[in-house]
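Enquirer: sequence? don't have it. structure:
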Ligand SMILES: C[S@@+](CC[C@H](N)C(=O)[O-])C[C@H]1O[C@@H](n2cnc3c(N)ncnc32)[C@H](O)[C@@H]1O
């Protein structure tokens, strides 16, 4: 034995048991500043070895793929009940519902789980759909670089959720004197890059904004907004502001998100090269939810379309997916198939280390 944790087929370390899995997520929540979720997960780690509602809910999922983010699915399902106004005592601890974490957080969390056990058991099977707008800042540099090549962009986003990042060009990005976007945009990224920043000059023409998701969210409906909010960390209030800004943009800027499985959808979209446009297949934090076969089919469809790409119908594959030191933003361009690592970013966007 090497002493290293086993790796799942997506390269993510596979925890040995439920407590270790929750511990990894606890550490991640704490490191992004969610002390509320760190506290709740400490409680869950303690409770999975004892009879009670938390154990009843989580143990049936102990063999779920690590990448399916069990802890966040569970916490999102509870958060939804809080935001829906059905857990008053717990809401008093959740800043997203106007509360402040207090000494009885753990007790009130466990009582809420016990009261809504059946609903939570159903919802925990729903996939995680955090539509994190901060990832637009990680993707904006390469997208602007592609736009400066002079052709309209045909954006095709895989695992798009509500398609909020498909509207990236309606957000504002600033790095010193270097900026892109409407200064009054409801979503603003000020100095999201550490050290060097990408060139933010030029204008962008979008020929098409289209995405697919196995479970698309309509950000213009009450249900869609509730679902989107439920997956945001309740004490990271800045993210709620950003999400609200992106929902405002989504109501004004249409983007079609189709219900479809990623590999087939990509293959269908890329069946014919789009003359006069740069086709950009993009995704962020999606591959871990695909099976090995689906990932292979997706890259196969991209490779085949890449071989059909021409100077007048180029293809780019832009992705932001977990790497060794954070999320890696990679860009592959056809014809040619050159691949570059353009940035290393946080999983939710800033801080971003731009590599150019
Ligand atoms: C963590 S979310 C990321 C959402 C968005 N890309 C972002 O960065 O904000 C992953 C998304 O991938 C979608 N997804 C997972 N498996 C999929 C599949 N096989 N085909 C299409 N979408 C899928 C999920 O429904 C979910 O909306």
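Expert: Right, received. Where do you want to start? None of these values were measured; they are calculated from a predicted model. Residues are numbered from 1 along each chain as shown.

Enquirer: Three-state assignment for residue 45, please.
Expert: The three-state assignment at residue 45 reads helix, by DSSP: H, G, I helix; E, B strand; the rest coil.

Enquirer: against the ligand, how distant is it?
Expert: Using CB to the nearest ligand atom, to the nearest Å, we find residue 45 at a distance of 23 Å from the ligand. The way it works is simple: take the backbone N, C-alpha and C, and place the C-beta from them, glycine included.

Enquirer: what's the answer for residue 332, then?
Expert: 18 Å.

Enquirer: next one, pLDDT for that residue please.
Expert: Listed pLDDT for residue 332 reads 98.

Enquirer: repeat that for the one 5 residues further on.
Expert: We have a pLDDT of 97 for residue 337.

Enquirer: which residues touch the nearest residue to it once chain neighbours are set aside?
Expert: Nearest non-adjacent residue to residue 337, counting by CB to CB, 6 or more residues apart in numbering: residue 306, 5.6 Å away. Shown in contact with residue 306 (CB atoms under 8 Å, 6 or more residues apart in numbering): 315, 317, 332, 334, 335, 337.

Enquirer: which SSE is residue 306 in?
Expert: helix 292-308 (DSSP states H and E).

Enquirer: and that helix, what's buried?
Expert: 295, 297, 298, 299, 301, 302, 305, 306 (16 or more other CB atoms under 10 Å).

Enquirer: again with stretch 259-279
Expert: Those buried within stretch 259-279 under the rule 16+ other CB under 10 Å are 260, 262-263, 265-267, 269-270, 273-274, 277-279.

Enquirer: same check, this time on stretch 114-124
Expert: So for stretch 114-124, counting by 16+ other CB under 10 Å, buried means 115, 116, 120, 123, 124.

Enquirer: next one: the helix holding residue 306 to chain centre, how far?
Expert: Computed by CA atoms, centre = their mean, to the nearest Å, the chain-centroid distance of helix 292-308 equals 22 Å.

Enquirer: just checking, next helix/strand downstream of that helix?
Expert: strand 315-322.

Enquirer: does any part of that following strand sit near the ligand?
Expert: No - with CB under 6 Å from any ligand atom as the criterion, the ligand is not reached by strand 315-322; the gap is at least 7.4 Å.
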